[in-house]
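Asks: Structure, please.
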Amino acid sequence: MVRAVVFDVGETLIDESRIWLRWAERLGVPPLTFLGVLGGCAALDLPHRRAFEMLRPGFEVEDEIARWATEDPDGLRENFDADDLYPDVRPALAALRDAGLAVVVAGNQPPQARAALETMDLPVDAIRTSDEWGVEKPEPAFFDRVVELAGVPASDVAYVGDRLDNDVLPAAEAGMLPVLIRRGPWGYLHAERPEAARVAVIDSLLELPDLLVPSAAR
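Replies: Okay, the predicted model is just below:
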């Protein structure tokens, strides 16, 4: 029985469209070009940062982030805020908590992401990032920390994410219930792969209560 649900961040809770469009403008390339190359990275199982290297050989993302912060200290730049939440996030998380499940957010994110999520006042029990843990998905140690944070055995945890490789298959290997959400470029592409047959696939977070909570508990 699932007693805790843990969520990835990007393209699970957060629509990253505005972030990528700001990056396209920053790089000086048409939005379609940047998004197309990014989608190609998703299709070819390349890290998303390869998109920057393809479009700007020798480009150093961290150096550019530092320059960007100096030039536009009050802007969102590569970050997100509450306007980037997918519309199903708050009602879905609230429904899961109302059903008695612990709700946790844990994903590969930079240090400022936790503060950004906490300001949204989401109905969650805990928020953590890979940066503060010092380990990233898909490393097994990341999912060990997820289980520790959830406070229940791995078999009682569902992990929801938009990628097979980084999110749900490693979660399954750690003993959790894997749930792939079909949104964002990775989500749609990965839902078509044969490995997706090993996981639950949803199109909206609003499907989670029916998937995870016995009808008698709702």
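Asks: Would you map the strands across this structure?
Replies: With strands called from DSSP state E, the chain shows them at 4-7, 102-107, 126-129, 157-161, 177-181, 200-202.
Asks: ok and the longest one relative to strand 157-161, angle-wise?
Replies: Interaxial angle, strand 102-107 versus strand 157-161 (axes from the mean of the first three to the mean of the last three Cα atoms, to 10 degrees): 40 degrees.
Asks: what lines up beside strand 102-107 in the sheet?
Replies: The pairing partners recorded for strand 102-107 under DSSP bridges are strand 4-7 (parallel), strand 126-129 (parallel).
Asks: and of these, who's closest to residue 140?
Replies: Of all the strands paired with strand 102-107, strand 4-7 sits nearest to residue 140, with 14.9 Å by Cβ to Cβ. C-beta coordinates here come from the backbone N, C-alpha and C atoms, glycine included.
Asks: which parts of that closest one are buried?
Replies: Going by neighbour count (16 or more other Cβ atoms under 10 Å), the buried part of strand 4-7 is 4-7.
Asks: Return it as PDB; C-alpha atoms alone will do.
Replies: The C-alpha coordinates for strand 4-7 follow below in PDB (Å, rounded to 0.1, in the frame of the first residue of the first chain):
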ATOM      1  CA  ALA A   4       4.000   8.400   0.500                       C
ATOM      2  CA  VAL A   5       4.200  10.000  -2.900                       C
ATOM      3  CA  VAL A   6       7.400  11.700  -4.000                       C
ATOM      4  CA  PHE A   7       7.600  14.100  -7.000                       C
END
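Asks: Quick one: mean pLDDT over it.
Replies: In this model, strand 4-7 has an average pLDDT of 98.
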